[in-house]
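*Asks:* Next input, structure requested:
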Amino acid sequence: MNTRFSGRSIAAVGLGLFSIVMGGCAAAHTPPTFPTSVRVVAPPPTERVLLDEHFSTYSPYYREVRGHWGVVGGRLMQTRDEARELNTVRYYAPLTIADAEITTEATMMSDLPQFTTSDDDELLKTRRRIGGAGLVFRFQDENNFYLFRMAGEDGVVLGKVVNGQWQELANPRAEDFSGVRLRTDVPYELRVRVVGRRIQCWIADRAVANLEDGSFTTGRVGLSTFRSKAAFNSLKIVER
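*Replies:* As a prediction, the model looks like this:
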């Protein structure tokens, strides 16, 4: 059989093959499409909680420096308020840390005898002016540590004890950060963040101190009272 193709037929066949090949190449190189609603969400930041204490039972892992400490009704109580006694301390012995965020909820207690004497009046004045409760951190021993606590009705204080001598670092007054005096029998959240030389302090989410000091770089964490009975609802330590 004699089959003949014209130039026009050959050209048409070639053009068709070219279109098929190029179409296949185009399909092979078409980039994939993605839905525009997809979002990449970063994982939430993690924190290493070293201690989260709510004082349901009395723990043997604490050590005490002065004071009468005990767990009553889910609260840690310090029931000694001798006006001549200085800082009582209860620290958590197993942990020695450098950088951390430390939080407690503390209440200054105002209970007095039913019939007060002149000595009781003096005690009440002491509580209202300087007595308080708070946190110790980078605690070396009873003569060397940092302290952040409420200071009577007037405000809070951040300081340190070095070789047994008290040195004040910051003394924010209540009218500066809350406009009202602090009250006894009311719980307040106290928080300290210490990273390197930087020390930051809050009361009830209000920043009250931000400074640098390098006396102590590491140590234990605990609770403290100063010439006052007090109750603590919690103690949380998060490593930074």
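*Asks:* And the residue nearest the centre of this structure?
*Replies:* Glu101 (3.7 Å; Cα atoms, centre = their mean).
*Asks:* element containing that residue?
*Replies:* Element membership for Glu101 (DSSP states H and E) is strand 100-108.
*Asks:* who's in contact with that strand?
*Replies:* Under the contact criterion Cβ atoms under 8 Å, 6 or more residues apart in numbering, strand 100-108 has outside partners 50, 127, 131-135, 137, 149-150, 182, 184-194, 221, 223, 228-240. In this view, the C-beta of every residue, glycine as well, is placed from N, C-alpha and C.
*Asks:* Is it possible to mark the buried ones in those?
*Replies:* Neighbour-count burial (16 or more other Cβ atoms under 10 Å) applied to these gives 50, 127, 131-135, 137, 149-150, 182, 184, 188, 190-194, 221, 223, 228-238.
*Asks:* residues contacting Glu53?
*Replies:* By Cβ under 8 Å, 6+ apart, Glu53 lies in contact with 59, 92, 234-236.
*Asks:* can we see that at 10 Å?
*Replies:* Going by Cβ atoms under 10 Å, 6 or more residues apart in numbering, Glu53 touches 59, 61-62, 76, 92, 104, 223, 232-237.
*Asks:* Reformat the residues you listed as JSON lines; add pLDDT and distance to Val162.
*Replies:* Shown next, in JSON lines, are those (pLDDT from 0 to 100; distance: Cβ to Cβ, whole Å):
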{"residue": "Ser59", "pLDDT": "91", "distance to Val162": "29"}
{"residue": "Tyr61", "pLDDT": "96", "distance to Val162": "27"}
{"residue": "Tyr62", "pLDDT": "97", "distance to Val162": "24"}
{"residue": "Leu76", "pLDDT": "97", "distance to Val162": "27"}
{"residue": "Tyr92", "pLDDT": "97", "distance to Val162": "22"}
{"residue": "Thr104", "pLDDT": "98", "distance to Val162": "23"}
{"residue": "Leu223", "pLDDT": "98", "distance to Val162": "20"}
{"residue": "Phe232", "pLDDT": "97", "distance to Val162": "25"}
{"residue": "Asn233", "pLDDT": "97", "distance to Val162": "30"}
{"residue": "Ser234", "pLDDT": "97", "distance to Val162": "29"}
{"residue": "Leu235", "pLDDT": "98", "distance to Val162": "24"}
{"residue": "Lys236", "pLDDT": "97", "distance to Val162": "27"}
{"residue": "Ile237", "pLDDT": "98", "distance to Val162": "23"}
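*Asks:* what's the most distant pair in those?
*Replies:* Across the contacts of Glu53, no pair lies farther apart than Tyr61 and Asn233, at 18.3 Å, counting by Cβ to Cβ.
*Asks:* what's the next secondary structure element after the lowest-mean-pLDDT helix or strand in the chain?
*Replies:* Least confident element among the helices and strands of the chain, by mean pLDDT, DSSP states H and E: helix 7-28 (a mean of 46). Once the chain leaves helix 7-28, the next helix or strand it forms, by DSSP H and E, is strand 48-53.
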